[in-house]
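Enquirer: below is the structure, and that's it, no one-letter string:
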């Protein structure tokens, strides 16, 4: 498996243990747009390019569509992060200490994610330069889904690693660290994962599907 740097949020409070994420109605076009946009974000890089990943579905289901008029301040500098946003229509500009920056956001841009992950304050104002249509997910839901999805993924990988003879008896700490470093990859039917005689740079665990091994 390829090794990847994972993104970790700060710990969640105990009262979130029974939290149930919201679900908002969406058209097929909405779902396709959100899937495509989220899979391009660094937050979802360990999902491979799999739009059917249940973790991604949880994020998409919890996103709410809103409309804001031109001139509306969507994010205020120094405020505690409350939402992650995806811009579907319109244009958004950014301002730091009341000074405009050259950065602009247009269709498909994700912004506001770091403040949600780390409970940090916003580093800039985000202002709607035109009437905008956005999708948003609140901090509590975002972090709960992000952490729950990571925990479920790691448990599944650890269970598989414990059955690998090479790793027998190495202990839970080893399994957890290795699971944390693994990246999910997706292959189409008929794709060649590796060729005979090729020197592998890692190892693979099959999460779903089947693989044919040609030893000839």
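Expert: Happy to help now that I have it. Remember, predicted model here, so these are calculated numbers, not experimental data.
Enquirer: need the per-residue pLDDT for the nearest residue to residue 69 once chain neighbours are set aside.
Expert: Nearest residue to residue 69 in three dimensions, chain neighbours excluded: residue 131, at 5.7 Å (Cβ to Cβ, 6 or more residues apart in numbering). Where C-beta positions appear, they are placed from N, C-alpha and C, glycine not excepted. The model reports residue 131 with a pLDDT of 98.
Enquirer: quick check, residue 131 in contact with residue 87.
Expert: No - in terms of Cβ atoms under 8 Å, residue 131 does not count as a neighbour of residue 87; the distance is 11.8 Å.
Enquirer: and those two? which has more neighbours close in?
Expert: Counted by other Cβ atoms under 10 Å, residue 131 and residue 87 do not tie: residue 87 has more neighbours, with 22 against 14.
Enquirer: what about the more buried one, distance to residue 159?
Expert: With distances taken as Cβ to Cβ, to the nearest Å, residue 87 is found 39 Å from residue 159.
Enquirer: span of stretch 90-110 from start to end?
Expert: Chord length of stretch 90-110, first to last residue, is 13 Å (Cα to Cα, to the nearest Å).
Enquirer: how about it, which residues are buried there?
Expert: 90, 91, 92, 93, 94, 95, 105, 109, 110 (16 or more other Cβ atoms under 10 Å).
Enquirer: let me have those in CSV, adding secondary structure as columns.
Expert: Listed next are these as CSV, based on DSSP: H, G, I helix; E, B strand; the rest coil:
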residue, secondary structure
90, coil
91, coil
92, strand
93, strand
94, strand
95, strand
105, strand
109, coil
110, strand
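Enquirer: what's the closest of those residues to residue 37?
Expert: Minimum distance to residue 37 across those is 6.4 Å, recorded for residue 110 (Cβ to Cβ).
Enquirer: now do the contacts for that closest one.
Expert: 37, 38, 40, 41, 43, 84, 85, 86 (Cβ atoms under 8 Å, 6 or more residues apart in numbering).
Enquirer: which strand residues bridge it?
Expert: Residue 110 has these beta-bridge partners by DSSP bridges: residue 86.
Enquirer: and it, how far from residue 88?
Expert: Per Cβ to Cβ, residue 110 is found 11 Å from residue 88.
Enquirer: and the residue nearest to residue 63 when sequence neighbours are not counted, which of the three is it?
Expert: Nearest residue to residue 63, sequence neighbours excluded (Cβ to Cβ, 6+ apart): residue 135, at 4.5 Å. With three-state DSSP as the basis, residue 135 sits in strand.
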